[in-house]
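Engineer: below are the sequence and a predicted model; questions follow.
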Amino acid sequence: MRFWSNFFAGSFLIGLIFLAFTVESLTGYSFDFQDTENILLSPGLSHWFGTDSLGRDLFTRVFYGARVSLFVALFSSMLTMIFGISIGLIGGWLEGWGDAVIVRAIDIVQSIPSFLLVSLFCLFFQDLFGMGGFDFKTLFAIGISISLVHWFNVAKVTRGQTKQMKSLDYVLAAKALGATPFRILCLHLLPNMRGTLLALFTLQIPASILYESMISFAGYGLQSPQVSWGILLQEGWRSLSEFPHLLLLPALVLFMTVLSFQLLLFRR
Amino acid sequence: MISSEPARVLLVRKSVETLAALFALVFLSFLFLYLMPGGPFDEEVALNPEIKQTLLRQWALDRGFFTQFLYYLLNLFSGSLGMSMNQPNKKVVEIIFAGASQTFFLNMFAVFIVYASSFSTSILLTLWTNSFLNPLIRFLNIVAVSLPALFLGPVLIYTFGFYLQWLPTAFLKSPLHYVLPLLTLSFRSWGQLNLLLAESLRETMKHDFIRTAKAKGLSHEQVILRHAFKNSLIPILSVSGPTIVGIISGSFLVEILFSIPGLGQQFVESLNLRDYPVIMGLVLLYGCSMILLTNVFDVISKLVDPRISEVR
C-alpha cells in the first residue's frame, strides 16, 4: 500500500516535470499556436485534451503551464523557508522582548485570512515593480507575496526547535569555546533540524502551487496571453456549462500534483 | 515559556497583548495601503490637475503620513470607517454590512459542519478500527486535504448544477443554495481537522488512564466517548483559531465561484478599484475579529491545560 502510493506519486511528478519540458516537441503544437479550423474540440486523438476557443491545444498548454506553476512554487517555497528559518532562529535564540515581538508578529500574520493578504501583497509588488506582460518580475511578485504570508508556519517550528536545542550540552560546549551565536545557529542547530525542515519544505510546495492558481484565477497574478494553471482555470471557468473539459482537465492535473505531494508525505 | 501564572495575571497579560496586536494591525495595514503605488484618482484619462488637487485635499490625501493616520484613528474611534471613494455617497460601514450577513452565515455554517463532521468521523475511525469504513474514510481524508476548491467547486457546479440540474449554483437565496458552497468550503478543512483529531485520539488511547478505564470494565465505546475523546480535544482547541481563519480564507474563492455577493467579492472589487477605505475596513474587520478569536482560544486552552506552550 505504502509502496504503491509512493510509486504512483513519484512517477506522476517525474512524468509531470518531464512533460513540462518536452510537451511542445511531443505534441508538435506550440503553446500559443492557433489551430483555427478546430476550435473548441472535445478531447480526442488529434488534440488529446481538446482545444480552447482560439484553437490552442489544451494538452500542450496544461503542461507548458506546469513550468510556470512549478517555478513559482519552488521559488516561493524556498523564500518561505529562508524567511521562516531566519525569523524562527532569531526568535528561538533571543529571550524577552525580541522573542515576544516575533511571537506577536506570527500571531498577527496568522490571524489575517491568507487569501486576503496574498492578493494585497501581490498587487502591491506588481505595482511596485511595474506591471508587464510575462516577465520574471510578475513571477517574482507572486512568489514573494506567497512567501510573505506563509513564513509563519516554518518560523513557529524553527523557533520551537531552537528553544529546545539551545540548552543542550553541545551548544553549551560550542558557547564555551567562544563560538558566535551566528555560528552556533548555522553550523550546530540548523543541521539538526534538517528532517523537519525538509518535510515543511515539501508541504509548502503544493500550498504554493494552490496559491499561485488561486491568485491567477482571481486576476491578480499573471495575465491572459501567458499560461499558468490559474490562467487556464480562469479561461475554462467562463465556459464551464458548454465546454467543461477546458476547466476540468487542467484542474484534474492540478489536483493530481497536489495529491502526489501529499501522498509522498503522508505517514500511515 | 512555561507559565504557572494565576488565571487573573494570564487574563491581564493576554488582553494587553491583544490590544497591542490590534494597534499594530491598524498601523501596519494603514502603512501598507499608504505605500501602495497608484491612487484612486489615477484614471486612464488624466484628470484636470486642479480638480485632482481638490479631490486629494477633500480626502486629505495631500497631507503627511502621520496626519492621515491620525485622521483615520480619530474616525475609527468615532465608529466610522469613512466613505467609499468609488461608490459615491456610500459609507464603508454600509458597504460592509450589505455583504456581511451572507459571508457570516456561510462561514458559520461551514465551521459548524467542519467540527461536527470531523468529530464524528474521528470517533468512528477509533471506534471501529476493523470496519470497512476505516480505509474508506482514510482515503477520503487524504483526497480532501489535497483537493483544491478550484477543482471541487467547478466539478460540483457542473455535475449537480448543469448536468443533473438538481441544485442551484449561484447566490444564497434558500437553504438549497447553501449545499454546494458549504460542501466546497468545508471539505478541505474537514480533512485537515480530522487528520489532527484522529492522530490525537490515537495518542490519547495509549495513556495509562485509558488502560485503567478498560480495567474497570468499561466497554470500548464508553472508554472512547467518556475518557479518550475529551482529552484528545485539548490540541484541537489550540489549532481552532488557525482552522477558522483557514475556512474564512477559503470563503473568498467560494464566493467568487458561486457568485455570492458577500465580503469576498466586495474585497476583490475594491482591490481592483483601489478603494482604500473599503479595503482597510475589510482588513480591519477580518484581522481584528480573528486576533480576538485566536486569543480567546489561547486563553481557554491555557486555562484548560496550563502546560500548553505559547506558540502553536
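Structural biologist: Cool, got the structure.

Engineer: chain center to the helix or strand harbouring residue B:94, what's the gap?
Structural biologist: Counting by DSSP states H and E, the element that carries residue B:94 is helix B:92-127. From the chain centre to the centre of helix B:92-127 is a distance of 9 Å (C-alpha atoms, centre = their mean, to the nearest Å).

Engineer: quick one: buried residues of that helix?
Structural biologist: For helix B:92-127, a neighbour-count test (16 or more other C-beta atoms under 10 Å in any protein chain shown) marks B:92-93, B:95-96, B:99-100, B:102-103, B:106-107, B:109-111, B:113-115, B:117-119, B:121-123, B:125-127 as buried. C-beta: built from backbone N, CA, C; applies to glycine.

Engineer: that one and chain A in contact?
Structural biologist: No: under the criterion of C-beta under 8 Å from any C-beta of the partner chain, chain A is not reached by helix B:92-127; the shortest gap measures 10.1 Å.

Engineer: mean confidence score for that helix?
Structural biologist: Across helix B:92-127, the average pLDDT comes to 90.

Engineer: beyond it, next helix or strand please.
Structural biologist: With secondary structure assigned by DSSP H and E, helix B:92-127 is succeeded by helix B:133-146.

Engineer: list the buried residues of that next one.
Structural biologist: Going by neighbour count (16+ other C-beta under 10 Å), the buried part of helix B:133-146 is B:137-138, B:140-146.

Engineer: farthest pair in these?
Structural biologist: B:137 and B:146 (15.5 Å; C-beta to C-beta).

Engineer: kindly report the residues of the stretch 51-200 of chain A close to chain B.
Structural biologist: Applying the criterion C-beta under 8 Å from any C-beta, the portion of the stretch 51-200 of chain A that neighbours chain B consists of A:103-104, A:106-108, A:110-116, A:119-120, A:123-124, A:127-128, A:156, A:159-160.

Engineer: roughly how far does residue B:227 sit from residue B:209?
Structural biologist: If you measure residue B:227 against residue B:209 using C-beta to C-beta, to the nearest Å, the figure is 7 Å.

Engineer: ok, residue A:106 next?
Structural biologist: Shown here: residue A:106 relative to residue B:209, a distance of 34 Å by C-beta to C-beta.

Engineer: same deal with residue B:83?
Structural biologist: Computed with C-beta to C-beta, the distance linking residue B:83 and residue B:209 is 60 Å.

Engineer: who has more neighbours, these two?
Structural biologist: residue B:83 (18 against 12; other C-beta atoms under 10 Å in any protein chain shown).

Engineer: which parts of the chain are helices?
Structural biologist: Picking chain A for this. Taking DSSP state H as the criterion, chain A carries its helices at A:2-27, A:58-93, A:97-111, A:114-129, A:136-165, A:169-176, A:181-183, A:194-218, A:229-237, A:245-265.

Engineer: actually, chain B is the one I wanted.
Structural biologist: When secondary structure is read from DSSP H, chain B shows helices at B:7-35, B:49-58, B:65-77, B:92-127, B:133-146, B:149-156, B:175-204, B:208-215, B:220-222, B:229-257, B:263-273, B:276-304.

Engineer: let me know which of the ones you listed is tucked in deepest.
Structural biologist: Here the criterion is mean neighbour count by mean count of other C-beta atoms under 10 Å in any protein chain shown, and of these the winner is helix B:149-156, at a mean of 23.

Engineer: OK, contacts around the residue lying closest to residue B:168 once chain neighbours are set aside?
Structural biologist: Excluding its sequence neighbours, the residue lying closest to residue B:168 (C-beta to C-beta, 6 or more residues apart in numbering or on different chains) is residue B:177, at 5.1 Å. In this structure, residue B:177 makes contact with B:167-168, B:170-171, judged by C-beta atoms under 8 Å, 6 or more residues apart in numbering or on different chains.

Engineer: most neighbours out of the residues you listed, which is it?
Structural biologist: Taking other C-beta under 10 Å to define a neighbour, the member of the contacts of residue B:177 with the most is residue B:168, carrying 18 neighbours.

Engineer: ok, residues contacting stretch A:10-20?
Structural biologist: Counting by C-beta under 8 Å, 6+ apart, the neighbours of stretch A:10-20 from elsewhere in the structure are A:26, A:63-64, A:66-67, A:70, A:253, A:256-257, A:260-261, A:264.

Engineer: quick one: it to chain centroid distance?
Structural biologist: On the basis of C-alpha atoms, centre = their mean, stretch A:10-20 sits 16 Å off its chain's mean C-alpha point.

Engineer: ok, of the helices of chain B, where does mean pLDDT dip lowest?
Structural biologist: Checking each of the helices of chain B, the one with the poorest mean pLDDT is helix B:49-58, at a mean of 79.

Engineer: contact partners of that helix?
Structural biologist: Residues outside helix B:49-58 that contact it (C-beta under 8 Å, 6+ apart): B:41, B:47, B:62.

Engineer: and which of those is nearest to residue B:16?
Structural biologist: The shortest gap between residue B:16 and any of the contacts of helix B:49-58 belongs to residue B:62, at 36.5 Å (C-beta to C-beta).

Engineer: could you report the pLDDT at the closest one?
Structural biologist: Residue B:62 carries a pLDDT score of 75 in this model.

Engineer: swap in residue A:74?
Structural biologist: Each residue has a pLDDT score; the one for residue A:74 is 93.

Engineer: gap between it and chain B?
Structural biologist: Between residue A:74 and chain B the distance, using C-beta to the nearest C-beta, to the nearest Å, works out to 18 Å.
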